[in-house]
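J.: Provided below for reference: sequence and predicted model.
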2 protein chains.
Amino acid sequence: MSKRFLSMRKKIEVLKAVSEPNRIRILMLLMKKPLCVCEITSILGLNTSTISSHLSVLKNAGFIIDEKEGKWINYKICDEIDDYNSAVLDVISKYFSNEPQLIKDLAEIENANRYNLIQIETNGKRCK
Amino acid sequence: MSKRFLSMRKKIEVLKAVSEPNRIRILMLLMKKPLCVCEITSILGLNTSTISSHLSVLKNAGFIIDEKEGKWINYKICDEIDDYNSAVLDVISKYFSNEPQLIKDLAEIENANRYNLIQIETNGKRCK
DNA sequence: TTGACATTTTGACAATCATCGAAATGAAAA
DNA sequence: TTTTCATTTCGATGATTGTCAAAATGTCAA
């Protein structure tokens, strides 16, 4: 949609971005609903800095964008996503949606509300 | 087609397999025509052992199979390819086919006949 | 059987990657 | 302003990766 041609390098970057299980988990979550870093962190159970770094990979690959909202930064799937990225995302969402891990993640999505979050020991800090 | 469910691990392995430019080049070639290792080597201009290792990645990911033919081993796209692999391959073939590098590779395909090949210095050996 | 040669395996190396904890940044609330 | 806390950046570490050269394997042909 946005760009006529993605370079070979860029197209490979897109594939690399989705070749990591935790990034697939994040994408599947964001396809359901925009989330902030601390919500994603609480669902995936990884270090905040790890989540942040995965988000930056997905952002550079053209899958997601971030938006300030008060204290938080929301991440969501790009509105104007490239055709190629969109095709990749379609394959992911079609073939990964039955994965037990991803179903569990999605079930966690409502618990992981930024206003309820009291994350004991994530990055050694509270998150509320 | 062949298997009902691929594990998450296996599906990630498939994506990793196509996240490498030289493996994309090999897949695009094999979608055109089955080829032996020395033919692929001559087109891509990499070390034989490198090609062999890429082929083994693509084979383990379920994209290609090998078949003995006399002195050579031909590689080709699986006949009974998994739906998921097939969907990934469709995206690749749709969005990479305009890549200058891949067009050049395809143009080389007829020159790279195993009976004509005199590869000066590939792995320090002739290949004929 | 021996020699030629296509292919795979092994070992080494530099580069990239996923992860964590700690420190830095930045913005909102007290 | 100072404190709080969400997020990013930095530095370190162990694991994986793409590549080559050399050695090993296997097979056809003389």
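T.: Sure, I can see it.

J.: for chain A, what are the low-confidence residue spans?
T.: A:1-4, A:117-128 (pLDDT under 70).

J.: What residues does it have near chain B?
T.: Residues of chain A lying near chain B by CB under 8 Å from any CB of the partner chain: A:5-6, A:8-9, A:11-12, A:15-16, A:18-21, A:24, A:83-84, A:87-88, A:91, A:94-96, A:98-99, A:101. Heads up, the C-betas are built off the backbone N, CA and C, glycines and all.

J.: Now do the strands in chain A.
T.: Taking DSSP state E as the test, the strands found in chain A are A:35-36, A:64-69, A:72-77.

J.: most packed of those?
T.: Mean neighbours per residue, mean count of other CB atoms under 10 Å in any protein chain shown, is largest over the strands of chain A for strand A:35-36, with a mean of 22.

J.: now check that strand, is it near DNA strand C?
T.: No: Strand A:35-36 does not reach DNA strand C (CB under 7 Å from any atom of the strand); its nearest approach is 12.3 Å.

J.: Parallel or antiparallel, which strands does that strand pair with?
T.: Strands adjacent to strand A:35-36 in the sheet, as given by DSSP bridges, are strand A:72-77 (antiparallel).

J.: and the strand it pairs with, anywhere near DNA strand C?
T.: No: legend: contact between strand A:72-77 and DNA strand C by CB under 7 Å from any atom of the strand is lacking; minimum distance shown is 8.3 Å.

J.: Spell out which parts of chain A neighbour DNA strand C.
T.: A:16, A:19-20, A:22, A:46-50, A:53-54, A:57, A:68, A:70-71, A:123-124.

J.: filter those residues to the buried ones?
T.: A:Lys16, A:Ser19, A:Glu20, A:Leu46, A:Thr48, A:His54, A:Val57 (16 or more other CB atoms under 10 Å in any protein chain shown).

J.: Can you tell me which residue is spatially central in chain A?
T.: Residue closest to the average C-alpha location in chain A (CA atoms, centre = their mean): A:Ile26, at 3.2 Å.

J.: need the contact list for it.
T.: If you count contacts by CB atoms under 8 Å, 6 or more residues apart in numbering or on different chains, A:Ile26 has them with A:Ile40, A:Leu44, A:Ile51, A:His54, A:Leu55, A:Leu58.

J.: Return the distance of A:Gly70 relative to A:Tyr115.
T.: 11 Å (CB to CB, to the nearest Å).

J.: Show me where chain A has its helices.
T.: For chain A, helices defined by DSSP state H occupy the ranges A:8-17, A:21-32, A:37-44, A:48-60, A:83-96, A:100-108.

J.: right, is the shortest one up against DNA strand D?
T.: Yes: against DNA strand D, helix A:37-44 shows contacts by CB under 7 Å from any atom of the strand at A:Val37, A:Cys38, A:Glu39, A:Thr41.

J.: CA atoms only: put that helix into CSV for me.
T.: Extracted in CSV, the C-alpha atoms of helix A:37-44 (Å, rounded to 0.1, in the frame of the first residue of the first chain):
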residue,chain,number,x,y,z
VAL,A,37,4.9,-2.5,26.5
CYS,A,38,4.1,-3.4,30.1
GLU,A,39,0.9,-5.3,29.1
ILE,A,40,2.8,-7.3,26.5
THR,A,41,5.6,-7.8,29.1
SER,A,42,3.2,-9.2,31.6
ILE,A,43,1.6,-11.6,29.1
LEU,A,44,4.9,-13.0,27.6
